[in-house]
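> Fold the following, please.
(chains A and B)
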Amino acid sequence: MKTVAVFFGGKSAEHDVSIITGHTPIIQSLQATGDYEIYPVYIARDGSWYSSPEMNDLVYFKTDLEAKLSKEKKVRIDINDGLTLIWPGLREKKVSIDLAFPAMHGTYGEDGSLMGILRMAGIPFVGCDLAASAVAMDKAFTKQVMEAEGVPVVPYVWFTRYQWETKRDHYLREFENLNYPLFVKPVHLGSSIAISKVRDTGELKNAIEVALHYDDKVLVEEGVENLIEVTLPIMGNEKLTFGAIERPMNDTDFFDFSDKYLGGGKGEGVNTEYSEIPAKISDELSKKVLEYGERTYRTLGCSGIARVDFLIDSKTEEVYVNEVNTLPGSLYHHNWKKIGVSGVELCTRLVELAEERFAKQKDTTFAFDSDILNKAGGQKLHE
Amino acid sequence: MIKKFLSRFHPRFVRSLVYMLQASEYHVGEYIRWYKRVEDFRCVENRKKLVWTLKSAGLYVIAWVLFFFLLALTIPFLFFKGGVGYVLFVIAVILVPYVFPYVLTVPLLILQNVIQRPIEWFIVRTATRLLKKHKGIKIGIAGSYGKTSMREILKTVLETDLTVAAPPHSYNTPLGISSFIKTLTGDEQVLLFEMGEYYPGDVKELCKLVRPDIGIITGVNEAHLEKFKTIDRTQKTIFELADWLGGTKPLYINGESDHAKRYAEENGYLNTNTFVYSRDGVGDTKVTESNTGLGGTTFTLGREEYTSKLLGLHQVGPLACAVQVAEHLRVPSEKIREGISSTVPFEHRLEPKTDSTGVVTLDDSYNGNPQGVAAVISFLGSLTGHRRLYVTPGLVEMGDRAELVHKDIGRQLAKAGIEQVILIRNSVTPFIEAGLQEAKYGGKITWYDEALKAFEALPHLTVSGDVVVLQNDWPDQYQ
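Below is the predicted model of the structure:
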């Protein structure tokens, strides 16, 4: 039976959401297949790693987590010859992992950090690889890449904390080129955390201070008039499968953390019952969404699964790519279900895609012999 | 082996035995059979828990006293001279949990025969006298299966015009029925009684208590075959109802039950007061058209068209029977039509539930008989445009016919083209798999060790529009 390590939790504002994704649908679906031996790997808020069979049950995380963790041994990893989980002690236990299934959202996980470790370990892992994850994690970087590729994005300005502190007047002038209302976003945080909608310069400055409290890089972008927000889950490596175009039905001005994860969803997991699926938009708009979705997915080099978010001006019918989420909350399994893909089918397909990508990477030559070391210390190596 | 041995010394051991006795309805034979099958006495209470009643609590206390008493009997070995005393002591202590389960039945049998039986006899005799004075029409319903469904259909239809009463919770034993009789006001116009049969003579005893004016035999099959040993004895016991009616009072027999129909034909039960019902009609009145789907069932009986929310063409027979019983009791035809249209699926009997994701679950967990299963598979096979999943732990109490019955279920599932069959690992489900393979089943077979694991997995296996049947449920004693 294949050993699969599911990684969740993490040093991220989306720590709790990640726990839910890890269980619903990932662990529960993999368990339902009966084909995998599952090792839950929980990364606590302080960065400690734990793994015990009880963690396969979401209930474990609901009460007295700190007390439970204090009784657990931290798990270690070894990345020589694959990934090995090690439970130290007098009766040390080791388990070699065949495949990793990251369920991490946000920083120190979805941003490519975990993928880096898994690449070094040389095992297949589910979802986007390091580069796509790192680019998609930075909202400003994503817009720059997509803009360069000719995919429409709304006008924006970005800056770091240092730049804001040293060139504030310059950026205030730049903001004058943008039309209010504006959105202020920390570039690395997901789940709409610390995002503000502002209508004047006073609000803008305050919102920037809030955003810089959570991140050292901030994006200020134009709001879209007559806004329709839609999102498109995509699955695949080379050959892509599209989920349903989904329209979040939120009452507030924008889709914030509460809407996404706390806003009265009745079903399991996150993102369940607040959406219109499929979104009631024209065929023309749907076509554009699918086209830009595919271009974005391929340009960023996504693989496995990702979700592309769009902003639509319903009057002008302009479609803008807003951001890319390389690990959608709960894999957007509610959306896949609507098009006939069950949780089990989704997770097993993602495992297949991970193995397929890994097999192809094996065919790529990453190292070659050279005599450069022999020349070192002699004549200069570089002209 | 070691687990089984060590679990006898676990504090849970005594409680587990009391639970097993309670779940076996204090039938010693059934308890002993179960006891011999248990692998780990720490985990016997899976599907249900020990319910604290006066009887179970009393037995629990007696059990502990008895257990310590048996242990105390080993102490004298310690006073034997030489090392042999210690050896004998250890052997005796080890033997105590092996002897104890049998010894425990002694106080139970004493309690049953000295206290319980006389009290029960008195309660039943009082109820018999009370009911004899009651002027309502008494309808007795006997059969290996379909009794509760028949009772519910009749109750719904007759209630449109008459005052109807029936024991709650499918109470179908003399004691259960007697406790119900005490609650009657005397004004009820119709009384409906299910007659449970567990051993030969049971239905006859119930007839003496109930004194039915009308009888319905819903079918005969292999249910309780482990208790009856032969199908002949089951038939004879169920037809004790026909014997009571004596050919002078109306008797309805389910013609879709081969065992019931053949027994009636071969033993002269068919006469002018006997009406055979099926999906084709009842007595001489024919069903000319019938349709079924997830929304319900429609049929034309004689000249009247009826609609019911019950699912499956196998429901047409009982519905037609209810129409005729209602006519016999002079219920107006518009009231009968209204009653039939009010019939809805009963709890856990092909009861449809649609969840928020659009998956339709047909809860048929109380249906554990081969005829009922065949009807459900046939219904599921008739549903088009849906992916269909069939979840089952198989059927219990099939005796020597277990292999035959379960292979047949497998063949039926394959023939119906069910997309996914989910089986719970136990002694009979491999036969279903064998039947599926014999019939060259092209769908997917998925296995789970426990039913609860399968239920947990279902939300992850299904998508909007899927139809899932949960067929039968195994109590702990059959795990």
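
> burial count for residue 106?
Since no chain was named, I'll use chain A. 22 (other CB atoms under 10 Å in any protein chain shown). Where you see a C-beta, it was placed from the backbone N, CA and C, and this is true even at glycine.

> The chain in question should be chain B.
12.

> just B:Gly196 next, same as before
18.

> what helix or strand does the nearest residue in space to it that is not next to it in sequence sit in?
Closest residue in space to B:Gly196, ignoring its immediate chain neighbours: B:Asn172 at 3.4 Å, by CB to CB, 6 or more residues apart in numbering or on different chains. For B:Asn172, there is no host helix or strand (DSSP states H and E).

> State the pLDDT value of B:Asn172.
Note on B:Asn172: pLDDT of 85.

> give me the beta-bridge partners of A:Phe159?
A:Val218 (DSSP bridges).

> ok, now which ones touch it?
Contact analysis of A:Phe159 by CB atoms under 8 Å, 6 or more residues apart in numbering or on different chains lists A:167, A:171, A:217-218.

> now the residues you listed as JSON lines including neighbour count?
Output for the contacts of A:Phe159, formatted as JSON lines (neighbours: other CB atoms under 10 Å in any protein chain shown):
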{"residue": "A:Lys167", "neighbour count": "13"}
{"residue": "A:Tyr171", "neighbour count": "17"}
{"residue": "A:Lys217", "neighbour count": "21"}
{"residue": "A:Val218", "neighbour count": "28"}
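
> Just the C-alpha atoms of stretch B:204-211, please, in CSV.
Presented in CSV, the C-alpha positions along stretch B:204-211 are these (Å, rounded to 0.1, in the frame of the first residue of the first chain):
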residue,chain,number,x,y,z
LYS,B,204,-51.0,-19.3,17.0
GLU,B,205,-50.3,-17.8,20.4
LEU,B,206,-50.8,-14.3,19.0
CYS,B,207,-54.0,-15.3,17.3
LYS,B,208,-55.4,-16.4,20.7
LEU,B,209,-54.5,-13.0,22.1
VAL,B,210,-55.6,-10.8,19.1
ARG,B,211,-58.5,-12.9,17.7
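
> Would you mark the buried spots in it?
Judged by neighbour count (16 or more other CB atoms under 10 Å in any protein chain shown), stretch B:204-211 contains these buried residues: B:204-207, B:209-210.

> sorry, back to before: tell me which two in the contacts of A:Phe159 are the farthest apart.
Across those, no pair lies farther apart than A:Lys167 and A:Lys217, at 14.1 Å, counting by CB to CB.

> quick revisit: quick check: the gap between the residue nearest to B:Gly196 and B:Asp202.
Noted for B:Asn172: a distance of 9 Å to B:Asp202, by CB to CB, to the nearest Å.

> any common contacting residues for the two?
By CB under 8 Å, 6+ apart, the residues touching both B:Asn172 and B:Asp202 are B:195-196.

> For residue 219, grab the count of nearby residues.
Chain wasn't specified; assuming chain A. For A:Leu219, using other CB under 10 Å, the count is 24.

> Chain B, not that one
27.

> same deal with B:Ser382?
Count around B:Ser382 with other CB under 10 Å applied: 13.

> Next, the nearest residue to it once chain neighbours are set aside: phi, psi?
Using CB to CB, 6+ apart and skipping the chain neighbours, the partner closest in space to B:Ser382 is B:Thr292 (6.8 Å). As for B:Thr292, its main-chain torsions (degrees, to the nearest 10) stand at phi -140, psi 160.

> Ok, B:Val467 next?
According to degrees, to the nearest 10, B:Val467 has phi -120, psi 120.

> For chain A, see how far away it is.
Relative to chain A, B:Val467 is positioned 14 Å away (CB to the nearest CB, to the nearest Å).

> beta partners of that residue?
B:Val360, B:Arg388.

> I'd say it and B:Thr384 touch.
No: assessed by CB atoms under 8 Å, B:Val467 is found out of contact with B:Thr384, at 10.6 Å.

> Between the two, which is the more surrounded one?
Taking neighbours as other CB under 10 Å, B:Val467 and B:Thr384 compare with B:Val467 leading, 23 against 8.

> List the residues that contact that one.
By CB under 8 Å, 6+ apart, the contact set of B:Val467 is B:294, B:359-362, B:380, B:383, B:386-389.

> Can you name the residues of chain B sitting close to chain A?
For chain B, the residues in contact with chain A (CB under 8 Å from any CB of the partner chain) are B:356-357, B:446-448, B:453, B:456-457, B:459-465.

> Those: which two are farthest apart?
It's B:Ser356 and B:Trp447 that sit farthest apart of the residues of chain B next to chain A, by CB to CB, at 27.8 Å.

> Can you lay out the contacts of B:Val467 as CSV showing pLDDT and neighbour count?
Formatted as CSV, the contacts of B:Val467 follow (pLDDT from 0 to 100; neighbours: other CB atoms under 10 Å in any protein chain shown):
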residue, pLDDT, neighbour count
B:Leu294, 93, 13
B:Val359, 93, 23
B:Val360, 95, 19
B:Thr361, 95, 20
B:Leu362, 95, 26
B:Leu380, 95, 26
B:Leu383, 93, 18
B:His386, 93, 15
B:Arg387, 94, 20
B:Arg388, 97, 23
B:Leu389, 97, 24
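
> and the gap between the residue lying closest to B:Gly417 once chain neighbours are set aside and B:Asn367?
Sequence neighbours aside, B:Gly381 is the residue nearest to B:Gly417 in space, at 6.5 Å (criterion: CB to CB, 6+ apart). Distance, B:Gly381 to B:Asn367, using CB to CB: 16 Å.

> Neighbours of the residue nearest to B:Gly196, how many?
Per other CB under 10 Å, the neighbour tally for B:Asn172 reads 21.

> mind checking how far it is from chain A?
38 Å.

> Can you report phi and psi for that residue?
Torsion angles at B:Asn172 (phi, psi; degrees, to the nearest 10) stand at phi -140, psi 20.

> who touches it in this structure?
Shown in contact with B:Asn172 (CB under 8 Å, 6+ apart): B:147, B:193-196, B:206.

> Please identify which of the residues you listed is nearest to B:Gln420.
Nearest to B:Gln420 among the contacts of B:Asn172, with distances taken as CB to CB, is B:Lys147, at 31.5 Å.

> contacting residues for the closest residue to the closest one other than its chain neighbours?
Leaving aside its sequence neighbours, B:Lys147 sits nearest to B:Glu194 (CB to CB, 6+ apart; 4.4 Å). Residues in contact with B:Glu194 (CB under 8 Å, 6+ apart) are B:141-142, B:147-148, B:151, B:166-167, B:170-172.

> my guess is B:Glu194 is in a helix, correct?
No: if the criterion is DSSP: H, G, I helix; E, B strand; the rest coil, then B:Glu194 is strand and not within a helix.

> okay, now the domains of the chain?
Answering for chain A, as no chain was given. For chain A, automatic domain parsing gives the domain ranges A:2-127, A:155-222, A:227-363.

> that answer is for a different chain, and I need it for chain B
Domain ranges of chain B: B:2-111, B:134-342, B:351-478, per automatic domain parsing.

> These: which one's closest to A:Pro186?
Evaluated over the domains of chain B, closeness to A:Pro186 peaks at domain B:351-478, with 33.6 Å, by CB to CB.

> neighbour count winner among B:Gly381 and B:Asn367?
It is B:Asn367, of B:Gly381 and B:Asn367, that has more neighbours when counted by other CB under 10 Å, with 24 against 15.
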